[in-house]
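[1] Fold the following, please.
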Amino acid sequence: MIKPVALLFSALGLLSAAMAAPLDDARPNIVIIFTDDQGYADVGRFGAEGFVTPNLDRMADEGAVFRNFHVAQPVCSASRCALLTGCYPNRLGIHGALGPGTKVGISDHEVTLAQLLKSCGYATAIFGKWHLGDSPQFMPLRHGFDEYFGLPLSCDYWPGHPDLITNLPAAMAAMKREYPHLPIYDGTNQFREEMSIADLNQLTTWYAERAVAFIEKNKAHPFFLYVAHSMPHVPLGVSEKFRGRSARGLYGDVIEEIDWSVGQILEALKRNGIDRNTWVIFTSDNGPWLSYGNHGGSAKPLREGKGTNWEGGTREPCIMRWPGKIPAGADTWDMLMTIDLLPTIARLVGAELPPNKIDGLDVWPIIARQTGAQNPHSSYWFYYEVNQLQAVTSGDGRWKLQLPHSYQTLGGKPGGRDGVPAPYAHRQLATAELYDLVHDLGETTDVSARYPAMVTQLAAEAEKARQELGDGLTKRPGAGRREPGRLSSSPSLNIK
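    Model (predicted):
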């Protein structure tokens, strides 16, 4: 069998013997399902075309749909950093998507959601993509997770991608040169140096199987389960049981298998009698990779996609379910962001917030649909590239000020076909533009001339962001930025 080289990084750790006694049953289990590059319109309740998502639709019936839920940045590593730390990722020195052999990663001085919950006696696991540093000192077992199985990077980290599609032998040779120093192992210390196409096709199933096993093993006490799917990031992989099932082709098949995996998790929770004490959150890490065309998703009716701070890059499909706590059938346009999950969960479980400053705020009243609940943020800040402040949104999610910056776009041209991307063009936004997202979700009409007071208000919020986190576009350093983790000269796998 021809084997394109990739990293399959698998580590299974034992629960600490010093773990606190089991908590009261009132402490909820937390399950976060985080897909990769799934578009806003790639779930049934958000307008999916050519494929179906019955399990996610049922989850929406039994929970709540959040139509204005955002990630902090429209790209892999930065987005995951925000989810797990409650911080804007550029505060922590994490920018963009960390490449193979990176010298930086998540710092030991930051507290992840897994560490916060583990300190309260939770069992913790991640099954799927990590992407916060691929060297041992950055890996999940060093940052609060008891168990890990998955990829440390995206599936496409073959140098010169898409040579994986167009020139496979060259891609394989380049990958072998790139990774000679990295430890590749599984939980039994059996080293694996290659992942085959057959393995790629099994990732979604493998993650689901391990998630169900983790639930079964930890049903008697609180747990945090983070299922970070590698799909639908290119190159796409799907098992035989879903191949060819959807009208949308391979991409639709992949989403239907992800939906199946969600159903497996929900069924495991019910079967073990713990679904009414489990908060399940489903969302994605950024918008669709539009340049991949039929191997990418859709952000309709939003503008642009992954790699931009237009709505298509950061607004994600989001469904949350917790019977009796989150009203069934709720459908809301209130704005939220992944940075808000850590402080919200901390309050619910009675955990202390991290000692370092975080950016998220407790938004449980909004999630629980409490009467009169309002977003506690005066604004949300959208960065990209290396600390570029590109947009600011009002806390209620209505108004968005796009600041001058360059961005990638297909410019109305079609994306690529069958795994080979089409080239992006780059456009420059010369002056700030204001959008009313309530009446213009697609960001088609600049209304800055009609609402100068709102421009002034959001410009002041942008200035707060620059003072705190800096801005590469205006050459501001920022007083509140912290250093990322940096690769030591002799990294160790000792878990503390």
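[2] wouldn't residue 201 be in contact with residue 241 here?
    No - the criterion here is CB atoms under 8 Å, and residue 201 misses it with residue 241 at 10.2 Å. Where C-beta positions appear, they are placed from N, C-alpha and C, glycine not excepted.
[3] Pick out whichever of the two has more residues nearby.
    Neighbours per residue (other CB atoms under 10 Å) separate residue 201 from residue 241, with residue 201 holding more: 19 against 11.
[4] quick one, strands of the stretch 51-200 of the chain?
    Assigned by DSSP state E, counting those that start in this stretch, the strands in the stretch 51-200 of the chain fall at 64-70, 104-105, 123-128, 147-150.
[5] So which of those is nearest residue 37?
    strand 123-128 (13.2 Å; CB to CB).
[6] Alpha carbons of the closest one, as CSV, please.
    Extracted as CSV, the C-alpha positions of strand 123-128 are listed here (Å, rounded to 0.1, in the frame of the first residue of the first chain):
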residue,chain,number,x,y,z
ALA,A,123,-10.9,12.9,34.3
THR,A,124,-9.7,14.5,31.1
ALA,A,125,-9.1,13.3,27.6
ILE,A,126,-8.5,14.7,24.1
PHE,A,127,-9.1,12.6,21.0
GLY,A,128,-8.2,14.3,17.8
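[7] what residues does it touch?
    Applying CB atoms under 8 Å, 6 or more residues apart in numbering, the contact partners of strand 123-128 are 15, 19, 34, 114, 117-118, 140, 144-151, 203, 206-207, 210-211, 214, 217-218, 221-230.
[8] cutoff 7 Å now
    Here strand 123-128 makes contact (CB atoms under 7 Å, 6 or more residues apart in numbering) with 15, 114, 117-118, 140, 144-150, 207, 210-211, 214, 218, 221, 223-230.
[9] Tell me the strands beside that strand, with direction?
    For strand 123-128, the pairing partners within the sheet under DSSP bridges are strand 147-150 (parallel), strand 223-228 (parallel).
[10] So which of the strands of the stretch 51-200 of the chain is nearest residue 443?
    Nearest of these (CB to CB): strand 64-70, 13.6 Å.
[11] Can you tell me the strand partners of that closest one and which way each runs?
    strand 315-321 (antiparallel), strand 330-332 (parallel), strand 336-337 (parallel).
[12] Need the mean per-residue confidence for that strand.
    Strand 64-70 carries an average pLDDT of 98.
[13] Now the residue nearest the centre of the chain: closest residue in space that isn't a chain neighbour?
    The chain has residue 285 as the residue nearest its centroid, 2.7 Å off, counting by CA atoms, centre = their mean. Once flanking residues are discounted, residue 285 sits nearest to residue 79: 4.3 Å by CB to CB, 6 or more residues apart in numbering.
[14] Please compute how far stretch 410-426 lies from its chain's middle.
    The chain centroid and the centroid of stretch 410-426 are separated by 23 Å, computed with CA atoms, centre = their mean, to the nearest Å.
[15] now do stretch 396-403
    Centroid separation for stretch 396-403 versus its chain: 22 Å, with CA atoms, centre = their mean.
[16] go on, stretch 475-492?
    Distance, centroid of stretch 475-492 to centroid of chain: 21 Å (CA atoms, centre = their mean).
[17] Averaged over its residues, which helix or strand of this structure has the lowest pLDDT?
    Least confident helix or strand of the chain, by mean pLDDT, DSSP states H and E, is helix 163-166 with a mean of 41.
[18] before we move on, the earlier item: lowest average confidence across the strands paired with strand 123-128, which one?
    For these, where the average pLDDT is lowest is strand 147-150, sitting at a mean of 88.
[19] Alpha carbons only: can I get that one in CSV?
    Extracted C-alpha coordinates of strand 147-150, given in CSV (Å, rounded to 0.1, in the frame of the first residue of the first chain):
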residue,chain,number,x,y,z
GLU,A,147,-5.4,10.6,27.8
TYR,A,148,-4.6,11.6,24.2
PHE,A,149,-5.0,9.9,20.8
GLY,A,150,-4.7,11.8,17.6
